[in-house]
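>>> Sequence isn't available, so here's the structure alone:
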């Protein structure tokens, strides 16, 4: 018994007395146990809990018969060590003790020990529990409002971060498309310098656990750089081209040699347009499929998912993300088109994803991809050994 724990128990007892007397105000001191556990899972960082500690708490909660936890009175559960281990998915006794300590330290449970330290209950003549010794879950119920508030804060922060990541990804994609269009159309300007600046800005721009402040700074840099690139492109247009309307200027970029739809200023070219029309997107590579699941690819090459707006849900999402990443790696549109033709869209996209994972080891991404393309043209290339090698490195 520590002074801190004694103070917590005194505080819980005081709050329970107020709830029983009807002085709890808007705080009911309880809630649905499963909703509470879900909220705690979201807010676990605030309480300093691991996922396994919450799993153990879920096992303890499963011993209560009521779905609604009422914190106005003790909620004692008294499972045996063996039964608690079973419900905790076979957790070892030493691990259980460690996570129980974490739950006590977080103020979510109390130990209500008997004289001999055993967990049991005493029932009256009618079979009703008269006295019980074990773990008291009432502190968890009393923290329901606090837990839900922290969970809501976590959800709000996650939403804001997703929006920020999406904005960064959109800037990366649109800058890449404008530079690609300028190079393909042989526009006047120092595009090599802009490509180098873009590559330096792009590498590592979307880490797995980004810092919001760093991401906000990157967004500001990309926004400024995008204006610079757009101005450079507009400056390269002739008077005749400049005399056209905004839609015509936009179409210059959209009609560049790319296989994927391109969005700019909220407008999007449609797939399947008639050849020769304003929405002609060029000739697609032959359809070749790989015998690899998208789930496996995501696990082996997680970084490319940061460049896919809305996540990697389909193979086309992967191809679009690879098209963005290859430009940041310095792979030319010509090398990319030849790789897709020789390997197929899926395999070529996987190769780019692998290159992104190994970017520190590849001196010339463009030359590396061309070498693999030549092997594919001789039917001497397979993407599977590359994936397996990367899997072995991550094990």
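Happy to help now that I have it. Remember, it's a predicted structure, so these values are computed and weren't measured experimentally.

>>> measure residue 339 to residue 177 for me?
Noted for residue 339: a distance of 18 Å to residue 177, by Cβ to Cβ, to the nearest Å. The way it works is simple: take the backbone N, C-alpha and C, and place the C-beta from them, glycine included.

>>> Neighbour count for these two, which is higher?
Taking other Cβ atoms under 10 Å, residue 339 and residue 177 do not tie; residue 339 has more neighbours (28 against 22).

>>> helix, strand or coil for the more buried one?
Classification of residue 339 by DSSP: H, G, I helix; E, B strand; the rest coil places it in helix.

>>> just checking, it touches residue 371?
No. Under the criterion of Cβ atoms under 8 Å, residue 339 makes no contact with residue 371, lying 10.4 Å away.

>>> Can you give me the end-to-end span of stretch 358-368?
This stretch, stretch 358-368, spans 12 Å end to end (Cα to Cα, to the nearest Å).

>>> and residue 157, what is it in contact with?
Contact analysis of residue 157 by Cβ atoms under 8 Å, 6 or more residues apart in numbering lists residue 212.

>>> Quickly find the element holding it.
helix 144-184 (DSSP states H and E).

>>> And that helix, how far out from the chain middle?
10 Å (Cα atoms, centre = their mean, to the nearest Å).

>>> State the next helix or strand along the chain beyond it.
Next element after helix 144-184 (DSSP H and E): helix 191-202.

>>> counting contacts, what elements does that next one pack onto?
Using 3 or more Cβ pairs under 8 Å, 6 or more residues apart in numbering; DSSP states H and E, the elements in contact with helix 191-202 are helix 144-184, helix 212-235, helix 315-328.

>>> who touches it?
172, 175-176, 179, 182-183, 218, 221-222, 225, 228-229, 232, 327-330.

>>> redo that, cut-off 7 Å
Residues outside helix 191-202 that contact it (Cβ atoms under 7 Å, 6 or more residues apart in numbering): 172, 175, 179, 182-183, 221-222, 225, 229, 232, 328, 330.

>>> Among these, name the buried ones.
172, 175, 179, 182-183, 222, 225, 229, 232, 328, 330 (16 or more other Cβ atoms under 10 Å).

>>> Switch these over to CSV; also include distance to residue 61 and pLDDT.
Formatted as CSV, the buried ones among the contacts of helix 191-202 follow (distance: Cβ to Cβ, whole Å; pLDDT from 0 to 100):
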residue, distance to residue 61, pLDDT
172, 44, 85
175, 50, 88
179, 55, 87
182, 60, 87
183, 60, 85
222, 46, 90
225, 51, 92
229, 55, 90
232, 61, 90
328, 48, 81
330, 54, 82
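
>>> Out of these, which two are the most distant from each other?
Spanning the widest gap among the buried ones among the contacts of helix 191-202 are 183 and 222, at 19.2 Å by Cβ to Cβ.

>>> shaky segments in the stretch 251-395 of the chain?
The model of the stretch 251-395 of the chain has pLDDT under 70 over residues 251-287, 394-395.

>>> Tell me where it has helices.
Counting by DSSP state H, counting those that start in this stretch, the stretch 251-395 of the chain has helices at residues 294-300, 315-328, 333-343, 345-357, 365-377, 384-394.

>>> And the second one, what does it pack against?
So the one you mean is helix 315-328. helix 144-184, helix 191-202, helix 345-357 (3 or more Cβ pairs under 7 Å, 6 or more residues apart in numbering; DSSP states H and E).

>>> now swap in the last one and tell me
In terms of contacts (3+ Cβ pairs under 7 Å, 6+ apart), helix 384-394 is packed against helix 294-300, helix 345-357.
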